[in-house]
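J.: I'd like to go over a predicted model; first the sequence, then the structure.
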Amino acid sequence: MSSPQSSAHAATEESANFPTGVTASEYEVWGDVDADPAGVFADVTGADRAYWDTARTFGREEVAPVIDDFWNRADYPLELARRMGALGLLRDGVDVDGYEPMTPLAAGLVNMELSRADGSIGTICGVQAGLAMRSIALCGTDEQIAQWVPKLVRAEVWGAFGLTEPTHGSDSVSLETTATRVDGGYRISGEKKWIGNASLADTTEGGITVIWARVIGGEHDGNVRGFIVQQEWDGYSATTIENKLSLRAIWQAHIRMDAVFVPDSHVLERSTSFKDASRVLFATRLGVAWSAVGHATACYETAVQYAGQRVQFGRPLAKSQIVQERLARMQSELVSMQLMARHMTERDAAGQLTPEQASLAKFTCTRQARQIAANARDLLGGNGILLEHRVARHFADVEAIHTYEGTETIQALLIGRSITGVSAFA
């Protein structure tokens, strides 16, 4: 048994082998890492590759240098949103005259890259194009499409999608906002909550919100329909929700509408029931899975780079067996997400994707993104909670995508119903 003196001497000799100092190192966490080790996307070429490269370059060169500041201040990055419009990235696969067709795969890869740079940036695209613009493209008249879609795709007007209400989130089919039939249009009253882009009326571009409301009176009495509400109209007010811990660089609003008059010209003519709102959501659910892949990719590549640069106990973390095991596990999870997202997207392109399969993709990918983000955060130790090291922002933002477009519980119930043939919604 050694004496206290000999133990202290040994500890002194051991510590002499390690570098000393108090200066904090700077870590490069935006560098190049092989984030496609299984070659899931190795065959992507042509227009799909061009869209992917454009989004990747935008994220690396324009989003990365400034996004921490916007996220920290909870400020909306209007110029970055406008740049997405200028680059033709505000599409989410919606066909627009004058633009190169964007396949479901290209839309997924763009969504992945935007979220890889920042979750708020990815969500801005999802709201503007995937929800607001798609609602008009699917349910609007030819005149409405011609009037609004070009402006939305170029970010000449901001678009929002008003479905969720303060008391109706997962059970949005029970929405209470009403549209009362009057001469020449409708009067809409009610509230919506967590609506991205809904409080941008005071910007240069102004905004519209596609409001889903239950009709009172007239031919469609009792049915849910979509309405294009211009945010500057009398009776419409939107308060930006503050104190969020996720997606801080996109404004989400609590909307209050008091007898807002919507003329017939702004009624989405091809929306006749809640199924039309569901069609829009179904088309975007797979995009959430791609967003999760983007977040997971960012966390994985940051962990890989950090492990190679961070020195502890006289060696880089990457030389530790347990760190290599963690990175291998993260890579395995990431590849499984990539495979699922791509396979489901191929089914979508072939017209074979079912709502349950879209739910499975969202359910699986957001769960695994949470695991990868948590593992990366832990691997970075105390540095993992600093914005400059990237993971903390994604760690927080993954919590939001895990919830929106249907919570984990709702997705599980949809999947469970397809497995058992029995509905457990009660």
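T.: Received, thanks. Numbers count the residues shown, from 1 in each chain.
J.: Work out for me the element the residue nearest to residue 410 when sequence neighbours are not counted sits within.
T.: Closest residue in space to residue 410, ignoring its immediate chain neighbours: residue 170 at 5.1 Å, by Cβ to Cβ, 6 or more residues apart in numbering. Using the backbone N, CA and C atoms, a C-beta is placed for each residue, glycine as well. Using DSSP states H and E, residue 170 falls within no helix or strand.
J.: Quick check: residue 170 vs residue 142, distance?
T.: To residue 142, residue 170 is 34 Å away according to Cβ to Cβ, to the nearest Å.
J.: Quick one: list the elements packing against the one helix or strand residue 414 maps to.
T.: Assigned by DSSP H and E, residue 414 belongs to helix 408-420. The contact analysis (3 or more Cβ pairs under 8 Å, 6 or more residues apart in numbering; DSSP states H and E) places helix 408-420 against helix 355-379.
J.: ok now the helix or strand following the helix it packs on, how far from the chain's centre?
T.: Once the chain leaves helix 355-379, the next helix or strand it forms, by DSSP H and E, is helix 391-403. The chain centroid and the centroid of helix 391-403 are separated by 9 Å under Cα atoms, centre = their mean, to the nearest Å.
J.: Spell out the residue ranges of the strands in this protein.
T.: For the chain, applying DSSP state E gives strands covering 158-162, 178-182, 185-196, 207-216, 224-230, 236-240, 252-263, 311-312, 315-316.
J.: Which stretch among those is buried most, on average?
T.: Scoring the strands of the chain by mean neighbour count under mean count of other Cβ atoms under 10 Å gives strand 158-162 as the most buried, with a mean of 29.
J.: So what's the model's average confidence on that one?
T.: Across strand 158-162, the average pLDDT comes to 98.
J.: Dump that strand to CSV, keeping only the CA atoms.
T.: The C-alpha trace of strand 158-162 is given here as CSV (Å, rounded to 0.1, in the frame of the first residue of the first chain):
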residue,chain,number,x,y,z
TRP,A,158,-44.4,36.7,-46.8
GLY,A,159,-46.7,33.7,-46.4
ALA,A,160,-48.1,32.1,-43.3
PHE,A,161,-50.4,29.0,-42.6
GLY,A,162,-53.0,29.5,-39.9
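J.: Packing partners of that strand?
T.: strand 185-196, strand 207-216.
J.: 10 Å instead?
T.: Applying 3 or more Cβ pairs under 10 Å, 6 or more residues apart in numbering; DSSP states H and E, we find strand 158-162 packed against helix 134-139, helix 142-153, strand 185-196, strand 207-216, strand 224-230, strand 252-263, helix 274-309.
J.: Same drill for residue 170 and residue 142, tell me which one is more crowded.
T.: residue 170 (14 against 8; other Cβ atoms under 10 Å).
J.: who's in contact with that one?
T.: Residues in contact with residue 170 (Cβ atoms under 10 Å, 6 or more residues apart in numbering) are 164, 403, 406, 407, 409, 410, 413, 425.
J.: so how many other residues sit close to the third one?
T.: Applying other Cβ under 10 Å, we find 21 residues neighbouring residue 406.
J.: ok, now the last one?
T.: Burial of residue 425 is recorded as 11 neighbouring residues (other Cβ under 10 Å).
J.: thinking it is in contact with residue 414, fair?
T.: Yes: in terms of Cβ atoms under 10 Å, residue 425 counts as a neighbour of residue 414; the distance is 8.9 Å.
J.: Grab the most central residue of the chain for me.
T.: residue 123 (3.9 Å; Cα atoms, centre = their mean).
J.: Excluding chain neighbours, what is closest to that residue?
T.: Nearest residue to residue 123 in three dimensions, chain neighbours excluded: residue 250, at 5.1 Å (Cβ to Cβ, 6+ apart).
J.: For that neighbour, give its distance to residue 134.
T.: 18 Å.
J.: Which residues does the helix holding residue 414 contact?
T.: The contact list for helix 408-420 (Cβ under 10 Å, 6+ apart) reads 169-171, 285, 288, 354-364, 366-367, 370, 402-403, 405-407, 422-426.
J.: Between helix 391-403 and that helix, find me the angle.
T.: Here helix 408-420 runs at an angle of 50 degrees relative to helix 391-403 (axes from the mean of the first three to the mean of the last three Cα atoms, to 10 degrees).
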